[in-house]
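Enquirer: Need coordinates for the following:
(2 chains)
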Amino acid sequence: MNSNPHNLVLSTSPFLKRPVDTPLIMRHVIYSLAPVALAAIWFFGVSALLLILTCIGGCMASEMLFEGKVPFRQRTVTDGSAALTGLLLALTLPPGLPLWMALVGSLAAIVVGKIIFGGLGQNVFNPSLTGRAFLQGCFPVPLTTWAAPGGLTDFFTLRGDTFALPFTNPEFDALSAATPLAKMKFDAAGTPLADLFFGNVSGSLGETSALLILLGGAYLAWCRFLNWRIPAGIFITIFAFATILHLANPERFPDGFFHLLSGGLMLGAVYMATDPVTSPVTPRGSWIFASGLGILVVSIREFGGLAEGVMYSILFMNACTPLIDRFTQPRTYGELNTENEPGESRG
Amino acid sequence: MTATAAAQTFRHGIHPGENKELTAGRLIERMPFPEEVVLPLSQHLGAPSRPIVEVGEKVYRGQIIALADGYVSVPLHASATGRVTAIAKRPHPGGKPQEAIVIACDPTSPQTLYNEGALSWEHLNKNEVLTAIQNGGFVGLGGAAFPTHVKFSIPRGKRVQFFLVNGCECEPYLTTDHRIMLEFGDSILLGIRILQKMLGAEKTIFGVEDNKWDAIRSLREKIPSDLPCDIISLESKYPQGAEKMLITAMLQREVPSGRLPIDVQVVVSNVGTVAGIGDMFAYGQPLIERIVTVTGPGIRKPATLMIPLGTRLRDVIDHCGGLTDDIRQVLLGGPMMGTPQFDLEVPVMKGTSGILCLTQSQAPSRREYPCIRCSACLDACPVFLNPSALGSLARSAKYEQMLAYHIMDCIECGSCSYVCPSNIPLVQRFRVSKGLLRMKQAKEKARTN
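Expert: So this is what the prediction gives:
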């Protein structure tokens, strides 16, 4: 006799599931970055568009290449994380970068940044920033040559030697311009805050509009796909630290708003530092991570040799994450104050 | 009466869809007696009952047919008048067949109670009330089925300040306790009167989720002025009905790890158990039937039913119009902590709070992704564990290290699995890990002794 005529399925509880999965989160992060990407294309024209497409394609291709023979439905490229890594990497690059270099960066981001650690969820460092750091090491000059922003009128003007062939010397000409941080650091010249806020400055693709990045981040935080404590902690620390320095010596140090709105800080704080894989899971750990990051960013910018320090600050704090998590475990419900409770351990 | 305006609650937890509207508005319906009832000897936590009837013997509804075997055990009563046709292994909701007493119900019998009549309780002392509760076969009706008299025995030197009545019913779909509070208010209040006196509690407090506002209102109107009893409206959130969460939400007290509610001067009972005890003292009816929500998209006519214990699921489902064609899972209990069944010959037992029939769309099998440490599980866990870290430790079989992450404090509510975007079966892994750790500890204990 068949005791199960209805073919009832056995599984374990719970039988309900929140209708949110990893690919959906990745998709939403990508959607929230769409305005930032469009702004980059507005300011930097076809070069930006090509750079974004190259990085996304390069990252997805690298992911597929190094995954081995897996049925398509189980391929990790379908989870959307590689595409997101590519988009974020593109947003950290200068608009005139030759495309072949972007491809090298994509490969490094996925392989060195993620695959060698064991894939999604296992990596210690943010993959996009790993890719960028790799490029910065390999090609320091193209990575610090910035184009001035334009409008839609010169959409088809290339912002650099985009189609340079590998291993040739790319040319950088009259279009290059200094970033606000470089101007501040090396020429002691300020930039209007409104330009910084709306993005009409030279820099990486995603270093332009603070406003759009904040809106994207707010959307993600509202969906609870983003740990709001990290950007909040970074902003508070940087503003406080920079303001103290500014008050001590207004001649030398710019004020807090300038630090918040310039360079890769917005993109870094909202989209890179909050990468859940490489940031602490505990609330207290998130605050520690964020404040450490903020102090490092201002220190590098003000006292280091580089104009910009967001990337290295995030990578450094990524390395500290396991340690931070370990020492900030949440207090468990009913955890005992063992002083008054003799002989009650459960071990 | 101090009515609180804002709903109180505990920290963290989840908000799954409630889906209670299928049955919440329907009166409890009495299910007719089936042809036969199957009464497993093990329907509770603790030692199985010991049968005292023989095959062929005629038994009457409410008669004791198996005795409690020890202190942590309860007797079993015939849930219908009829003849014992077998005492043998029968399908059991736990998965393995278990010894059960099978009674063929007498269709001509009026099914009156064997020992009908009110029990006077005013002059009974504590132990006499506890004995009456044990003899009535009472176990926690919320699902855990722990013998009630053991739970209500207050250790020497401990004091009960509050008796909490749990009417949260935070499991989605279930409306058992909701209907009991609406339709059995008098039984509940009698039960409270008896238990409050027996426990020596200063006050009884009801905790009810605010989605059952009609039950809150109806109970408030019923509470007599001489009874020190209060109702607190709690936020509708899972797992509000878990004992520790309930105590925290209502009294802002935390039960220390590894201890019991009595250590914070509290005793908690499910509202159905209280109503059952009230009924026993009012009519002399032991625990021979219970109220069960039969619901879900997979059943044709959802209902909240009064069902004789031992009625097989098949009979209940037939009474409710049968299963739909796209049925996928049949659960005993709610969707968060229930147990799935594959054999519909298993009976309704004392701890069966619901029969939930799910179709294809509710319980899809999903692809598991790697943990991206998004911390959704940390924000959901009502006992503030780190399921993300525990999950990876369990995956690599580092059970000893899980102890340092307080795995033994996990209440297995499933909130972590519910929220996990990577579809990692977290609570499932924790159950296995806890089982293995307990076995290991028992082994070590045996070796050192």
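Enquirer: Just the CA coordinates for stretch A:227-241, please, in PDB.
Expert: Only the C-alpha atoms of stretch A:227-241 are listed here, as PDB (Å, rounded to 0.1, in the frame of the first residue of the first chain):
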ATOM      1  CA  ASN A 227      24.300  48.600   6.600                       C
ATOM      2  CA  TRP A 228      23.600  52.400   7.200                       C
ATOM      3  CA  ARG A 229      25.800  52.400  10.200                       C
ATOM      4  CA  ILE A 230      28.900  52.200   8.000                       C
ATOM      5  CA  PRO A 231      28.400  55.300   5.800                       C
ATOM      6  CA  ALA A 232      26.900  57.200   8.800                       C
ATOM      7  CA  GLY A 233      30.000  56.300  10.900                       C
ATOM      8  CA  ILE A 234      32.400  57.300   8.200                       C
ATOM      9  CA  PHE A 235      30.700  60.600   7.500                       C
ATOM     10  CA  ILE A 236      30.600  61.500  11.200                       C
ATOM     11  CA  THR A 237      34.200  60.600  11.800                       C
ATOM     12  CA  ILE A 238      35.600  62.300   8.800                       C
ATOM     13  CA  PHE A 239      33.600  65.500   9.400                       C
ATOM     14  CA  ALA A 240      34.600  65.600  13.100                       C
ATOM     15  CA  PHE A 241      38.300  64.900  12.400                       C
END
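Enquirer: List, one by one, the residues from the stretch 51-200 of chain B near chain A.
Expert: B:91, B:172 (Cβ under 8 Å from any Cβ of the partner chain). (C-beta placed from N, C-alpha, C; glycine too.)
Enquirer: give the contact list for whichever residue of the stretch 51-200 of chain B sits closest to chain A.
Expert: Of all residues in the stretch 51-200 of chain B, B:Pro172 sits closest to chain A, at 6.5 Å by Cβ to the nearest Cβ. Taking Cβ atoms under 8 Å, 6 or more residues apart in numbering or on different chains, we find B:Pro172 in contact with A:16, B:16-20, B:238, B:334-336.
Enquirer: Helices along the stretch 101-250 of chain A, start to end?
Expert: Counting by DSSP state H, counting those that start in this stretch, the stretch 101-250 of chain A has helices at residues A:127-138, A:180-182, A:193-198, A:210-222, A:229-248.
Enquirer: can you check chain B too?
Expert: B:126-135, B:148-151, B:176-183, B:185-199, B:213-222, B:243-251, B:271-283, B:313-319, B:376-380, B:387-395, B:399-404, B:415-419, B:426-448 (DSSP state H).
Enquirer: what packs against the lowest-mean-pLDDT helix or strand in chain A?
Expert: Lowest on mean pLDDT, DSSP states H and E among the helices and strands of chain A sits helix A:193-198, with a mean of 72. Counting contacts by 3 or more Cβ pairs under 8 Å, 6 or more residues apart in numbering or on different chains; DSSP states H and E, the secondary-structure elements packed against helix A:193-198 are helix A:210-222, helix A:256-261.
Enquirer: Any part of the first one near chain B?
Expert: No: judged by Cβ under 8 Å from any Cβ, helix A:210-222 makes no contact with chain B; its nearest approach is 11.5 Å.
Enquirer: avg pLDDT for that helix?
Expert: Mean pLDDT, computed over helix A:210-222, is 92.
Enquirer: Please identify the buried residues of it?
Expert: Judged by neighbour count (16 or more other Cβ atoms under 10 Å in any protein chain shown), helix A:210-222 contains these buried residues: A:210-214, A:216-217, A:219-221.
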